[in-house]
Structure formats: C-alpha cells, structure tokens
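A.B. asks: what's the 3D shape of this:
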Amino acid sequence: MFNIYEFFNRINELDPKIRLDAGQPDIPVDGEIIAETVRALRAGETGYTSTAGIGELREAIANLEGVSPEEVMVGPGAKIFISAVVARARRIAVVSPHWNAYTLIANEFKKDVEVIKTRLEDGWLPQVEEINADLLILNYPNNPTGRVPSREELKGILEAAEERGIKVLSDEVYAELSFKEHTPVRELYENTITVKGFSKLYSMTGFRLGYAIAQREDAKKLREFIEVTATCVPPFVQRAGIKALELRDRIKKRVRNEYRMRVKRAVRILNGLEFYPPEGAFYVFLRVPGDGLSFAERLLNRGVAVFPGVAFGDYRNFIRISLTWKGFEEGLKIIREEVECASESSATGRWEGSSGSASAGSTR
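C.D. replies: Okay, here's the model as predicted:
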C-alpha cells in the first residue's frame, strides 16, 4: 500500500519551490485566535480538562450543529475519532478515491477493508448496491476530488447502508468549504457519527482540534477511547476553538471566497484536461498520461510537489493538486506543460520530458 506520509517526508527533504501537495492552508490563523491562545496560556489554562471537552466549547459546537452538548465530543483532531470508530468495527467500507488515513488506520487495527471504487466518468458518484461491512466511511466535500453530492444523490448512496443498518462515519472536515449546498449525512441517516475539525476553515492544523457528533451511546464510546489514548485536549487549544467559532461567519466568508476563487482559476488554467470541477475543498484530482507516481516525480524535478493518485486508492493515472499555496498558478502552468508534453510523447511512442525539466537537486 502506498504511504502518503513517507512520500510527504521525501517532498520535505527535497524542499521544492512550489508546494501543491499537502492540504496545509496557507491562509494565516486569525490574529484574534492567536491572541486568545496566548491569553489562555498566560492565565494558566494548561492543566487537564474534561475528556469530552470544556463545557463552553461543547455548547458552542452544539448550538452551531443543532444538537445537544451530550452529543458532542471534543478531541485532538479528527483522526482520533476515526480511529475510535474503526477500532470497534469488524469490516470497513470506503468510497474511493479516499483520504489515505482511512485505510492506514484500518490496517493498524487489522480490519478488512471493502473499497467502493468510483470513476471520473460517473462524476465520482458511487454505485452502491450492496455493502458487506458494518461501517461505511463517507467524505464530502471529497478529498481528493472536491465532489459534493446533492441531497438526492446522497440519499441514493445511503440506501444500501440503511437497508442493512450499517453505521456511517461521515468525515465532514471540508463542509464549511463547500461551494454548493452541503447536506450533513446525519440529516438523512440517524446511525451516523460525524467528524469535523478546525484545521481547514480556520487554518489551525497545528492546534490539533476536532470534534465528533454522535448519538449519546456512541459519544460515550468515543469518550472512553480518548480517555485511554489522549486524555483530553489542552484547555488553551479549546479556548482558541471557542474564539474561532465566535469569528466563524467572518472567517468563513473570507476563506471560502478565497478558495472558490483559486478553484475557478485552476479550472481556467487546466481547461481541456481531464478532471471534475471541484465543488468544495481546495483540491483538483487530475488524470494524467501514463503513471501518476512517475508524473509526480517528474514534477518534483521541476520544483513542483503534488501527490500521486495512488495515495487515494487505485488511481494510477491521477495526481492530486492542492491549491493551498499562493503561487499555485505557476505550478498549474507547469503541470499543464507536462501533461501536454507527455500526451505528445505517448502519441510518438517516446518520452523526453519538457524543455523546462531539471534535476531533483534544483528543487532545493
């Protein structure tokens, strides 16, 4: 299995000029959030807190999501909740392409994984007729495709889960960055655990702050998992989360507009190439000539970092482009050059690379 984290470490070692690889937002954390973090630290909020999260933050999340505080669990990022749910499942079903962490976590817990593969030609929508698992993981807006299904399309996806009473883990980390109406899975299907975080909208990746929304019995199990793994989220981090939610409307308008603008520019630059126009998040999942991993290596030689499609499932002819670097347009133009050059080369039966190619050392 391809390990995205090993590839990411290699990119960091090469230090390319243009970073279109990781989903690390380049928009700075709001100054008021930073100030609140510092205030809480200076006020001595550095000890243990409730495993479920401090009451103020849980209430703020509950008000935002329209649930009770007892249905909210705060944790150090979203992965811990994914791990907690996967650990209790027998067999996992994942709609692919998917974030690599789902299958890596499943492997750590020695769980069988059923992959429900989707295709660009079908608009990245799964044809789910039968699920032989007790946990279905969904992620919309999708990483890496940017797909956001309509309410009716989502109902169709959930029908198979509903028929068998399968629990759904809905990763909605990018929900606030949807450019069209986004329907929370829990509105359509009760047996759902929703996972969200502060990393993407608020750029708080290093704060490691996330939360889950679940029915009370499931919330209790999530709390028990955190009790024996992470204990709790630092209180000064939770104070930063409270401040972020206070500023949510202002930040959401600015950040979502920024990423929408970047996506529009990307669609314009890559016009004519093979991809689904993103409806949310900040990624483009692009089909390339030949092997995507080799293509990503060639881009590295030109100082542009992307992730190969194999990081997201059996998609060897794709790459994922992250629009989280302000110089992304320069990188997209290089990618387009390489696609066109590779297409011409495959037509003539040989590959020579574009005239702008350089050695790996030049990426430093």
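
A.B. asks: how about the residue most central in space within the chain, phi and psi?
C.D. replies: Compute the mean C-alpha point of the chain, and by CA atoms, centre = their mean the closest residue is N143, 4.7 Å away. The phi and psi values for N143, taken as degrees, to the nearest 10, are phi -100, psi 110.

A.B. asks: likewise Y140?
C.D. replies: phi -140, psi 140.

A.B. asks: over to V115?
C.D. replies: Torsion angles, degrees, to the nearest 10, at V115: phi -100, psi 120.

A.B. asks: I'd like the numbering to begin with 37 instead of 1 from here.
C.D. replies: Fine by me, first position is 37 from now on; the one you just mentioned is V151.

A.B. asks: how about it: what's its closest non-neighbour residue?
C.D. replies: S132 (5.0 Å; CB to CB, 6 or more residues apart in numbering). For glycine as for every other residue, the C-beta is placed from the backbone atoms N, C-alpha and C.

A.B. asks: that neighbour reaches E150, doesn't it?
C.D. replies: No. If you go by CB atoms under 8 Å, S132 and E150 don't touch, sitting 10.1 Å apart.

A.B. asks: the two: who's more crowded?
C.D. replies: S132 (19 against 14; other CB atoms under 10 Å).

A.B. asks: beta partners of the more buried one?
C.D. replies: K153 (DSSP bridges).

A.B. asks: what's the answer for Y319, then?
C.D. replies: S358.

A.B. asks: could you report the neighbour count for it?
C.D. replies: Neighbour tally, Y319, other CB under 10 Å: 27.

A.B. asks: which strands or helices does the helix or strand bottoming out on mean pLDDT in the chain pack on?
C.D. replies: Counting by mean pLDDT, DSSP states H and E, the chain has its least confident helix or strand at helix 364-384, which shows a mean of 87. Packing contacts for helix 364-384, counted by 3 or more CB pairs under 8 Å, 6 or more residues apart in numbering; DSSP states H and E, involve strand 54-55, helix 284-305, helix 328-337, strand 340-341, strand 354-358.

A.B. asks: now the first one: how far from the chain's centre is it?
C.D. replies: Taking CA atoms, centre = their mean, to the nearest Å, one finds the center of strand 54-55 at 18 Å from the center of the full chain.

A.B. asks: give the pairing partners of it; include direction for each.
C.D. replies: For strand 54-55, using DSSP bridges, the partner strands are strand 340-341 (parallel).

A.B. asks: after the strand it pairs with comes which helix or strand?
C.D. replies: Following strand 340-341 in sequence order, the next helix or strand is strand 343-344 (DSSP states H and E).

A.B. asks: residues contacting that following strand, please?
C.D. replies: For strand 343-344, contacts defined as CB atoms under 8 Å, 6 or more residues apart in numbering pick out 38, 40, 43-44, 57-58, 180, 328-329, 331-332, 352, 354-356, 358.

A.B. asks: what is the nearest of these to P112?
C.D. replies: If you rank the contacts of strand 343-344 by distance to P112 using CB to CB, A58 comes first, at 18.8 Å.

A.B. asks: so who does that closest one touch?
C.D. replies: Applying CB under 8 Å, 6+ apart, the residues contacting A58 are 44, 343, 358, 360.

A.B. asks: which of these ranks first by neighbour count?
C.D. replies: F343 (28 neighbours).

A.B. asks: need the pLDDT of that one.
C.D. replies: Looking at F343, its pLDDT reads 97.

A.B. asks: and for G392?
C.D. replies: 36.

A.B. asks: now do E195
C.D. replies: Reported pLDDT at E195 in the predicted model: 92.

A.B. asks: what of A396?
C.D. replies: 31.

A.B. asks: with Q163 instead?
C.D. replies: 85.

A.B. asks: and what of E198?
C.D. replies: On the pLDDT scale, E198 gets 91.

A.B. asks: one step back: please name whichever of the helices and strands packed on helix 364-384 is nearest to S206.
C.D. replies: helix 284-305 (19.6 Å).

A.B. asks: mind listing the strands for the chain?
C.D. replies: Counting by DSSP state E, the chain has strands at residues 54-55, 108-111, 127-132, 148-153, 171-175, 203-207, 228-233, 246-249, 319-323, 340-341, 343-344, 354-358.

A.B. asks: any chance of those in a markdown table, plus distance to T265?
C.D. replies: Formatted as a markdown table, those follow (distance: least, CB to CB, whole Å):
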| stretch | distance to T265 |
| --- | --- |
| strand 54-55 | 31 |
| strand 108-111 | 9 |
| strand 127-132 | 19 |
| strand 148-153 | 22 |
| strand 171-175 | 19 |
| strand 203-207 | 17 |
| strand 228-233 | 16 |
| strand 246-249 | 14 |
| strand 319-323 | 29 |
| strand 340-341 | 32 |
| strand 343-344 | 28 |
| strand 354-358 | 29 |
